[in-house]
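**Student:** mind folding the following:
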Amino acid sequence: MPFLSGIAVGLSVIGLAYSAAGWWQVKRFATLLRSPAAQEAAWPPVSVLKPLHDDEPLLEQALSSFCTQDYPCFQLVCGVQDPKDPAALVVERLQHRFPAQDITLVVNPARHGTNGKVSNLINMLSSARYDYLVISDADIHAPPDYLRKVITALRAPGVELVTTLYGALPANPSLAARLGALHIVCGFLPSALIGRQLGREDCFGATMALRRETLQAIGGFEVLADRLADDAVLGRLIRAKGGHVALAASLPATTVSEARIAALLRHELRWARTIRSLAPFGFLFSILQYPIVWAMIALISKAALPNVLLLLCVWLARSYLAKDELRLLAQRSLPLISLLLPLREALSFAILIASWFGNTVDWRGRSIIVDRPPNPKAGISALDKSAKAKGALGVKQTVGIER
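**Tutor:** Residues are numbered from 1 along each chain as shown. Take a look at the predicted model:
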């Protein structure tokens, strides 16, 4: 099929150019990461909110990184909804390990919607003593200057919300964990940086930092109570109010806990369908990100020497860029990365295709339906009029439908 081969060759070249653009953005971002945190005479006190659920792999290590922040005054608020949740025991151990650190444990089973994380945050907010709020996922490992860089970004003119990108920390040496880490560092992160360069101001759950007054102005955490992608919807709400979503010059790491390929595929399919529902057109064009896959399709379509050479050249170039991205971001080296890349791209390609055939995602053992709203602009208008319109903005990610 020479016609298909020609198309695949063109898409492979485009994909390699996209990979090179991502590498360039990573290189620029790495320079920002190396810049020292600001030194100020009076830092505002901060409440860090950590919604927890279960004793996840490396949870104590992740929370410990927030107990050792180089920041003069901050409170760590950890919340669970089940009194028997083993994550509460982890927090209690931290309270004994860091007696000088202000660590608050909130245990409250009240539900405020179908998003358990947001319900947890609503329960925790009354225990947050300070007006600068930093919400961070439980599996995030923060560098010591994380809070300084996040608050520096939040205090810039016009900024109402700060987020961060994140690297990856495999919790085990399995193939699944390595593939998951490779996807985050050499797939998601460069693409997110390209998006920022093109003017996008996405918010990521690794960090959501804002002032209490900003949260109250959009209707509080309650407006997110029935949203699966609460971070993305929060970013949209802030932008709808005229605020900017800034990217802090910090790179925490997320724990990649999957030990089996099946678990990784379920996680990434949930991620893909959520992104598809938020930005379907941009997500569709992300199929251009896989130059090795397109080079393989070209070779399968037409077994010719030029296509063999194309595959080898794309494979080598992609391997070099991925290895350098890991080096630039000071991420843990992944063994046999050159051999992992074709498999990684093939899995990502298959997940992207599969994400269009269905609208259910698996979330902590629950089956949740994800839908798009008919008119996002109408949702923004409604939210500006009343907090009662909390179901109108962003993605109608219907929750509460379980099977």
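**Student:** report the contact partners of S35.
**Tutor:** Going by C-beta atoms under 8 Å, 6 or more residues apart in numbering, S35 touches A249. Any C-beta I mention is one placed from the backbone N, CA and C, and that applies to glycine too.
**Student:** swap that for C186, please
**Tutor:** Contact analysis of C186 by C-beta under 8 Å, 6+ apart lists L321, A322, E325, L326, R344.
**Student:** kindly recompute the last result at 10 Å.
**Tutor:** With contact taken as C-beta atoms under 10 Å, 6 or more residues apart in numbering, C186 is in contact with 19, 22-23, 26, 168, 318-319, 321-326, 329, 331, 334, 337, 340-341, 344.
**Student:** next: L182.
**Tutor:** Going by C-beta under 10 Å, 6+ apart, L182 touches 168, 170, 256, 322, 325-326, 331, 334, 337, 340-341, 343-345, 347-348.
**Student:** closest to V293 out of those?
**Tutor:** Nearest to V293 among these, counting by C-beta to C-beta, is E345 at 4.8 Å.
**Student:** quick one, what contacts the closest one?
**Tutor:** Listed by C-beta under 10 Å, 6+ apart, the contact partners of E345 are 15, 182-183, 187, 289-296, 315, 318.
**Student:** which ChimeraX command selects the buried ones in the contacts of C186?
**Tutor:** This is how ChimeraX selects the buried members of the contacts of C186, with burial counted by 16 or more other C-beta atoms under 10 Å:
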select :19,22,23,26,168,318,319,321,322,323,325,326,329,331,334,337,340,341,344
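**Student:** for the protein, which spans come out with low pLDDT?
**Tutor:** 361-403 (pLDDT under 70).
**Student:** from the centroid of it, which residue is nearest?
**Tutor:** F204 (4.6 Å; C-alpha atoms, centre = their mean).
**Student:** and the closest residue to it other than its chain neighbours, bridged to which residues?
**Tutor:** Among residues not flanking F204 along the chain, T163 sits closest, at 5.0 Å (C-beta to C-beta, 6 or more residues apart in numbering). Applying DSSP bridges to T163 gives these bridge partners: L247.
**Student:** same question, I103
**Tutor:** For I103, the beta-bridge assignment (DSSP bridges) gives partners L76.
**Student:** any idea how this structure splits into domains?
**Tutor:** Per automatic domain parsing, the structural domains of the chain span 2-28+272-361, 41-264.
**Student:** burial check on S355, number of neighbours?
**Tutor:** The number of residues packed near S355 is 22, by other C-beta atoms under 10 Å.
**Student:** can you tell me how far it sits from F349?
**Tutor:** To F349, S355 is 11 Å away according to C-beta to C-beta, to the nearest Å.
**Student:** and if you look at F188?
**Tutor:** Noted for F188: a distance of 15 Å to F349, by C-beta to C-beta.
**Student:** cool, and G243?
**Tutor:** For G243, the distance to F349 (C-beta to C-beta) stands at 36 Å.
**Student:** helices of the stretch 201-350 of the chain, start to end?
**Tutor:** Using DSSP state H, counting those that start in this stretch, the helices of the stretch 201-350 of the chain run over 212-217, 230-240, 261-278, 280-285, 291-301, 305-328, 337-355.
**Student:** who wins for proximity to L147 among the ones you listed?
**Tutor:** Using C-beta to C-beta, the helices of the stretch 201-350 of the chain put helix 212-217 closest to L147, at 16.5 Å.
**Student:** for the closest one, buried residues please.
**Tutor:** Buried residues in helix 212-217, counted by 16+ other C-beta under 10 Å: T214, L215, A217.
**Student:** what's in contact with it?
**Tutor:** Helix 212-217 is contacted from outside by 47, 121, 125, 128, 130-133, 135, 154, 159-161, 208, 210-211, 220-221, 223, 234, 237-238, 241, 243, 387, using C-beta under 10 Å, 6+ apart.
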